[in-house]
Each structure stands twice: as structure tokens, then as C-alpha cells.
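Visitor: generate coordinates for the sequence data below:
(one chain, ligands or ions: 1)
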Amino acid sequence: MSDRTTPSPSNSAQTRHRIPFGSPPYRLPRGALPACQGEDPELFFPSAGYEKRQEQVARAKRICARCLCNRDCLRLALHNDEPVGIWGGCTTTERRVLRNDIRSLRREPHPALRSLERGETVPVDPFDLLGVVHRLTVRGLTMPWLCKVLNLTPETVLRLQIRGARAAALVESEQREAREAT
Ligand code: SF4
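Guide: Next comes the predicted model:
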């Protein structure tokens, strides 16, 4: 186990928790250190009070953004269902959304995909929307096409595309590592 430390959800924000970055499937790039090492753990467990909290979240996210362990940290938090704190640059709410997005991508392809590809307007359950937008985007359908067949604004489609790409990157890295391990 690595002796590298990172902030941890605990009763005391000063308590540090060791992430087993050295053990599969969460591997730290050779020579990399978590960017939060040496930072105030409280930043990653923002306190109450809207303004102070917003400032802490923004600072923690900036640190996570330059961390080489970012993706593994996020995967670990998702895997452990961490209830609080900033992990891999994501808040608890963002991780909840991401978890649902990953589930959406893992579901069977939506039966209406072919009709939508042909340009037919078919109602899609909001629950399935992210998976549908992602699959149609990967198949090369353009923004105006997606807006038309799904009856969505470009802003909504773009938001779903960004979320879909992020969730897909995590799913793909897990699948790649599973293949490498066999
Ligand atoms: S992603 Fe953020 S919380 Fe995770 S190890 Fe890196 S700096 Fe620390």
C-alpha cells in the first residue's frame, strides 16, 4: 500500500485517510503524487455557509483538476459510494449524477435508436435520454438532427453530450483494465 495521503470524509477534517492507490484497479501513474497532498483537508469537505462553501469547492476542484490521480480518485469514490467530500473534482451531487449517467450508458441500447437515426421524432423517457444522446452522437448525428428528433434545445443536447462523454470515459477505462487483467 502506498503511504500517499489524501483528504478523507471523517468526523475530523484533520484526519487523513490512505487511499490504496498502489493496488489494482486504482493505479497511480508512476512517480505521481496526489495534488491534495499537503493541502488543507477541510477544503475537500466544505463547511456550511453558502459563500465559504462555494469558495472551498472551487479551490478543491482547481487542485483536483491538476491531479494525475484524478480519474482513479473519482472511480474509487464511486466504487466506495463516498457520501461526502470532493473526490476526483466532483462533489457528492455531481457523483450522484455521474453514477446515474453510467447506469444510463450501461443499459441496453434504446429500441427507438434506429427510428431516431432515420429522422423520426420518437418520445424518449428522460431516464434514457443521456444514453440515447450519447449513442447517437457516437454514430455521428449532428446537433441540429439531435435537437429535431429529440425535441431538445442545443444547450440541453450539449449538456447531455458532455455528461455522456465523461461517463463513457470512466466506463471505457474500467472495461480496458478488465480486459488487460484477463
Ligand atoms: S483528485 Fe483531488 S481529492 Fe483526489 S487525489 Fe487528486 S487532488 Fe486529491
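Visitor: what's stretch 108-123 in contact with?
Guide: 124, 128, 131-132, 135-136, 139, 141, 145, 148-151 (CB atoms under 8 Å, 6 or more residues apart in numbering). For every residue, glycine as well, the C-beta is placed using N, CA and C.
Visitor: cutoff 7 Å now
Guide: With CB atoms under 7 Å, 6 or more residues apart in numbering as the contact definition, stretch 108-123 has outside contacts at 124, 128, 131-132, 135-136, 139, 141, 149, 151.
Visitor: beyond the one helix or strand in the chain whose mean pLDDT sits lowest, next helix or strand please.
Guide: In the chain, the helix or strand scored least confidently by mean pLDDT, DSSP states H and E is strand 16-18, which has a mean of 39. As assigned by DSSP states H and E, the chain's next helix or strand after strand 16-18 is helix 50-65.
Visitor: ranges for the strands of this protein?
Guide: With DSSP state E as the criterion, the chain has strands at 5-7, 16-18.
Visitor: domain parsing for the protein?
Guide: For the chain, automatic domain parsing gives the domain ranges 5-90, 103-181.
Visitor: which parts of the chain sit against the ligand?
Guide: 6, 34-36, 44, 63-64, 67, 69-70, 73, 87-89 (CB under 6 Å from any ligand atom).
Visitor: so which of those residues wins on neighbours?
Guide: In terms of neighbours by other CB atoms under 10 Å, the residues of the chain next to the ligand top out with Trp87 at 28 neighbours.
Visitor: quick check: bridge partners of that residue?
Guide: Trp87 forms beta bridges with Cys90, as assigned by DSSP bridges.
Visitor: give me every residue that touches Gly164.
Guide: Applying CB under 7 Å, 6+ apart, we find Gly164 in contact with 101, 105, 130, 133-134, 137.
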